[in-house]
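predicted model and sequence follow; I will ask about them next.
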Amino acid sequence: MKIDRDLADAIYRTDFGAFACKAFEALNPGQHLILNWHIECICYQIQQMVSGEARKRLVLNLPPRTLKSFIVSVALPAWLLGRVPSTRIICASYSDELAAKFSRDCRSLLDTPFYKRVFPQTRLNPKKAAEGEFETTRRGSRLATSVGGTLTGRGGNVLIVDDPIKANDADSEVARRGAIDWFRNTALSRLDDPAESLVCIAMQRLHVDDLSGILIEQDWPKLVIPAIAVEPADYRVSEDEVYSRPAGELLQPKRDKPKALEDLKREIGSRVFAAQYQQNPTPPDGNMVKAAWLGRYDTAPERKTFQRVVLSCDPAGKANIQNDYTAITVVGVREKSLHVLQVSRGHWAVMEMREQIIALAALWQVDLVIIEDTASGMGLIQLLKEVPRLDVLGRKPDTDKVTRMSRQQGRFEAGRILLPKEALWLADSRTSSSPFLAAATTTRSTRCCCSSTGSPRTSPTSSLPSSAHPSSFGRPTPGRGPSTRGLSIGRGGIS
């Protein structure tokens, strides 16, 4: 009946929670929305902020896949523009690509029959409907930008920051500080009326010193919901209703299962899980890899049992003994584990590095050689590419060593990085609590490192077993010369 539809539309115009749920269905026809109390809670907090019943600032911290981005970056801008078509909104995310995706979704929502019926006065301006920014015919707008992007000459009365940094950059002080500085010095200065403008930050927690952490310390209003309740808590979901969540309850029991979350925790590591899923980041405890996490093997498995064998080299700039070591790591890759087969390091000139790599590549029948593509590695890469039947790849580091190492903590904690029980290159580290705890945080290590005290400058093949001539193959015996650098590991395997 038309009267029922008119009544429903009136509710959508005034009740953000009702609008957000219907907007999801309108934008995703055929996709079932699993309603849950946390959606009501988020929408209620936002409604209170918009109506002036609460402070016009809000920090939302929830795990991934909880609909928070749809609510704050898609539904909220559309609802605000529907109520006041002249509203100017700035939306930012960690990348232009992500920000543009949210912008496209919001623009598509404005084009749905549902939205046009509920908000007949709000229409897109056909002359200004770009992916990064669209306007209404009443000169309202939604501007998408990346955190760190320029906003010179732009302004607005709503600021939404959704995932200001990538999860992979959680331990990058440069990335965290960049997001915080951009928010303070650029984004906040673009508000038309700082006291009355709405500001909403939505993200999963990543670090004790991320943007959310800083704002919560400054007493910003917050809604923090962990994936698994650690204690009983009450959450207001409407003016007259409170949801009482018992300890141990999963946030989305219709979607998530305890075993799946436990498997995920083992996969990504307890520290990452505590931050991203429990919204309770903990500071690094000094050693990024614990001795108990390291798996061991008795003898190297047969070569044919590996999906591939990879040699990785982090070349030092100079061969002088007072300079850093060049480090080489050979790793056997299986579906769910990495066997560190041999490590070697020394103070080598570039031609000595070349001979060392050729010898180890032949010895272990490697499928891929990865060289860190920095100033010291470019010449070495070219020399190795001249070697027949040697697949060589240059790889540039994308961030600092601590951040790169932190991305692999989950693999170590899950026991998926295995070292031999006995090897000459482990001997010097026997008295340490772990073969490479210090190296993970204090050397020029890239991603996966094996550390112990080193030896003086060695000749190109002095750290290889006697059988390791460039033309020899077969089952090697361990060499000496431990490595602190040289392996890049991605989620899909070696990268």
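Done, it's in. Only a predicted model underlies this, so the values are computations on that prediction, with no experimental measurement involved. Residues are numbered from 1 along each chain as shown.

residue nearest the centroid of the protein?
For the chain, the residue nearest the mean C-alpha position is residue 167 (2.2 Å; CA atoms, centre = their mean).

got the phi and psi for it?
Note on residue 167: its backbone torsions stand at phi -60, psi -30 [degrees, to the nearest 10].

where do the helices of the stretch 151-300 of the chain begin and end?
Ranges of helices in the stretch 151-300 of the chain, per DSSP state H, counting those that start in this stretch, are 173-182, 211-217, 258-268, 270-276.

possible to save these as a markdown table with distance to residue 226, mean pLDDT and mean neighbour count?
Backbone N, C-alpha and C define where each C-beta goes, glycine included. Output for the helices of the stretch 151-300 of the chain, formatted as a markdown table (distance: least, CB to CB, whole Å; pLDDT from 0 to 100; neighbours: other CB atoms under 10 Å):
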| stretch | distance to residue 226 | mean pLDDT | mean neighbour count |
| --- | --- | --- | --- |
| helix 173-182 | 21 | 95 | 17 |
| helix 211-217 | 14 | 95 | 19 |
| helix 258-268 | 11 | 90 | 14 |
| helix 270-276 | 9 | 90 | 20 |
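
turn those helices into JSON lines, including distance to residue 352.
Below are the helices of the stretch 151-300 of the chain laid out as JSON lines (distance: least, CB to CB, whole Å):
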{"stretch": "helix 173-182", "distance to residue 352": "34"}
{"stretch": "helix 211-217", "distance to residue 352": "47"}
{"stretch": "helix 258-268", "distance to residue 352": "39"}
{"stretch": "helix 270-276", "distance to residue 352": "39"}
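
does residue 212 touch residue 201 like I think?
Yes - if you go by CB atoms under 8 Å, residue 212 and residue 201 touch, sitting 6.2 Å apart.

anything in contact with each of the two?
Here residue 212 and residue 201 have residue 59 as joint contacts, going by CB atoms under 8 Å, 6 or more residues apart in numbering.

you'd agree residue 376 is up against residue 315?
Yes - using CB under 8 Å, residue 376 is in contact with residue 315, at 4.7 Å.

what about those two, which has more around it?
In this view residue 376 and residue 315 are compared by other CB atoms under 10 Å, and residue 315 has more residues nearby, 27 against 18.

okay, the more buried one: pLDDT?
In this model, residue 315 is scored at 89, pLDDT.

next one: phi and psi at it?
phi -80, psi 140.

hmm, back to that, could you tell me which residues touch both of residue 376 and residue 315?
Common contacts of residue 376 and residue 315 (CB under 8 Å, 6+ apart): none found.

tell me the pLDDT at residue 488?
We note a pLDDT of 39 for residue 488 in this prediction.

how about residue 318?
Predicted confidence (pLDDT) for residue 318: 73.

can you tell me the element residue 50 falls in?
Assigned by DSSP states H and E, residue 50 falls within helix 37-51.

send me that helix as CSV with only the CA atoms.
Output of helix 37-51 as CSV, limited to C-alpha atoms (Å, rounded to 0.1, in the frame of the first residue of the first chain):
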residue,chain,number,x,y,z
TRP,A,37,23.3,-5.7,17.0
HIS,A,38,26.6,-4.0,16.2
ILE,A,39,25.1,-2.4,13.0
GLU,A,40,22.3,-0.9,15.1
CYS,A,41,24.9,0.3,17.6
ILE,A,42,27.1,2.0,15.0
CYS,A,43,24.1,3.7,13.3
TYR,A,44,22.7,4.9,16.7
GLN,A,45,26.0,6.5,17.6
ILE,A,46,26.2,8.2,14.3
GLN,A,47,22.6,9.4,14.5
GLN,A,48,23.3,10.9,17.9
MET,A,49,26.3,12.8,16.5
VAL,A,50,24.3,14.1,13.5
SER,A,51,21.3,15.2,15.6
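
which residues touch it?
The contact list for helix 37-51 (CB under 8 Å, 6+ apart) reads 15-17, 20-21, 54-58, 60, 62, 66-68, 71-72, 76, 80, 198, 200, 221, 223, 225, 235-239, 243, 245, 251-252.

switch to 6 Å and redo it
Residues outside helix 37-51 that contact it (CB atoms under 6 Å, 6 or more residues apart in numbering): 16-17, 20, 54, 56, 58, 71, 223, 225, 235, 237-238, 243.

repeat for stretch 243-262
Taking CB under 6 Å, 6+ apart as the rule, stretch 243-262 contacts 34, 36-37, 227-229, 231-235, 237.

if you rank those by neighbours, which is first?
For those, the largest neighbour count, defined by other CB under 10 Å, is 22 neighbours, found at residue 227.

re earlier: would you turn the contacts of stretch 243-262 into CSV with pLDDT and distance to residue 262?
Conversion of the contacts of stretch 243-262 to CSV gives the following (pLDDT from 0 to 100; distance: CB to CB, whole Å):
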residue, pLDDT, distance to residue 262
34, 91, 21
36, 97, 21
37, 97, 23
227, 97, 11
228, 96, 10
229, 95, 16
231, 90, 19
232, 92, 22
233, 94, 22
234, 95, 27
235, 97, 24
237, 96, 28
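
show me where the stretch 101-250 of the chain has its strands.
Assigned by DSSP state E, counting those that start in this stretch, the strands in the stretch 101-250 of the chain fall at 124-129, 133-136, 141-146, 158-162, 198-203, 222-224, 233-238, 241-245.

possible to save these as CSV with distance to residue 279?
Converted to CSV, the strands of the stretch 101-250 of the chain look like this (distance: least, CB to CB, whole Å):
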stretch, distance to residue 279
strand 124-129, 36
strand 133-136, 32
strand 141-146, 24
strand 158-162, 16
strand 198-203, 10
strand 222-224, 5
strand 233-238, 12
strand 241-245, 14
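
residue 413: which of those is closest?
With CB to CB as the criterion, residue 413 lies closest to strand 198-203 of these, at 23.6 Å.

wait, which of the strands of the stretch 101-250 of the chain is closest to residue 336?
When the strands of the stretch 101-250 of the chain are compared by CB to CB, strand 198-203 sits nearest residue 336, at 30.1 Å.

about what we covered before: which among the contacts of stretch 243-262 gets closest to residue 94?
The closest of the contacts of stretch 243-262 to residue 94 turns out to be residue 227 (CB to CB; 21.4 Å).

one step back: of all the strands of the stretch 101-250 of the chain, which one is nearest residue 94?
With CB to CB as the criterion, residue 94 lies closest to strand 141-146 of the strands of the stretch 101-250 of the chain, at 6.7 Å.

orientation of the closest one relative to helix 173-182 in degrees?
Here strand 141-146 runs at an angle of 150 degrees relative to helix 173-182 (axes from the mean of the first three to the mean of the last three CA atoms, to 10 degrees).

got a list of contacts for strand 141-146?
With CB under 6 Å, 6+ apart as the test, strand 141-146 has contacts from 77, 88-92, 95-96, 99-100, 103, 106, 132-135.
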